[in-house]
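Novice: Let's see this in three dimensions:
(chains A and B)
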There are 2 protein chains.
Amino acid sequence: MKIRVFVSLKDGVLDPQGKAVGHALESLGFKGVGEVRVNRVVELDVPATDKAEAVKQGEAMAHALLANEVIEDFSVEVAA
Amino acid sequence: MKIRVFVSLKDGVLDPQGKAVGHALESLGFKGVGEVRVNRVVELDVPATDKAEAVKQGEAMAHALLANEVIEDFSVEVAA
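Specialist: Got it, this is the predicted structure:
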């Protein structure tokens, strides 16, 4: 089953990549762009047969590897 | 208005980061994990007042900077 793990920086954590993208957009002429946050989405196939099990496996993978929980939050969804 | 720009590698383009994550998950004991793809989601505030205009601005930013259209596809959605 295909799942998506959304990994994003926690609120309040500085996003240098987002800042760089924001400045670059400004210099390309895009005025008035507010805060920019760059997040990750990990798409993967897990060997689960039902949705609840697939989400549980995704959460276990996020805890183990995909998210640095000191500075990142994550959520898991089953891909449509 | 807050928008999200999803940037993903085109089908058929090798994803070395995804391969590395896949191997790491396997070594951590997660068996049977299929293909892993790591994509980006850029969240940003654009100075648009309606949804169509916000999506249009997001697409222009993706064309100009956020996506490398030789190897990446993108889609834009207005964040809920």
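Novice: so after the helix or strand A:Glu26 falls within, what's the next helix or strand?
Specialist: Counting by DSSP states H and E, the element that carries A:Glu26 is helix A:16-27. From helix A:16-27 onward toward the C-terminus, using DSSP H and E, the following helix or strand is strand A:36-45.
Novice: tell me the mean pLDDT over that next one?
Specialist: Across strand A:36-45, pLDDT averages out at 96.
Novice: Can you show me the CA trace of the helix or strand just after it as PDB?
Specialist: Moving toward the C-terminus from strand A:36-45, the next helix or strand (DSSP H and E) is helix A:51-61. Output of helix A:51-61 as PDB, limited to C-alpha atoms (Å, rounded to 0.1, in the frame of the first residue of the first chain):
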ATOM      1  CA  LYS A  51      -5.000   1.400   6.000                       C
ATOM      2  CA  ALA A  52      -4.600   1.500   9.800                       C
ATOM      3  CA  GLU A  53      -1.700  -0.900   9.600                       C
ATOM      4  CA  ALA A  54      -0.100   1.100   6.800                       C
ATOM      5  CA  VAL A  55      -0.300   4.300   8.800                       C
ATOM      6  CA  LYS A  56       1.100   2.500  11.800                       C
ATOM      7  CA  GLN A  57       4.100   1.300   9.800                       C
ATOM      8  CA  GLY A  58       4.600   4.800   8.400                       C
ATOM      9  CA  GLU A  59       4.600   6.300  11.900                       C
ATOM     10  CA  ALA A  60       7.200   3.700  13.000                       C
ATOM     11  CA  MET A  61       9.400   4.600  10.100                       C
END
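Novice: and the next helix-or-strand element following helix A:51-61, which strands flank it?
Specialist: Where DSSP H and E defines the elements, the next helix or strand beyond helix A:51-61 is strand A:72-78. Strand pairing for strand A:72-78, using DSSP bridges, gives strand A:2-9 (antiparallel).
Novice: For A:Val13, the count of nearby residues, please.
Specialist: The number of residues packed near A:Val13 is 12, by other Cβ atoms under 10 Å in any protein chain shown. No exception for glycine: its C-beta is placed from N, CA and C like everyone else's.
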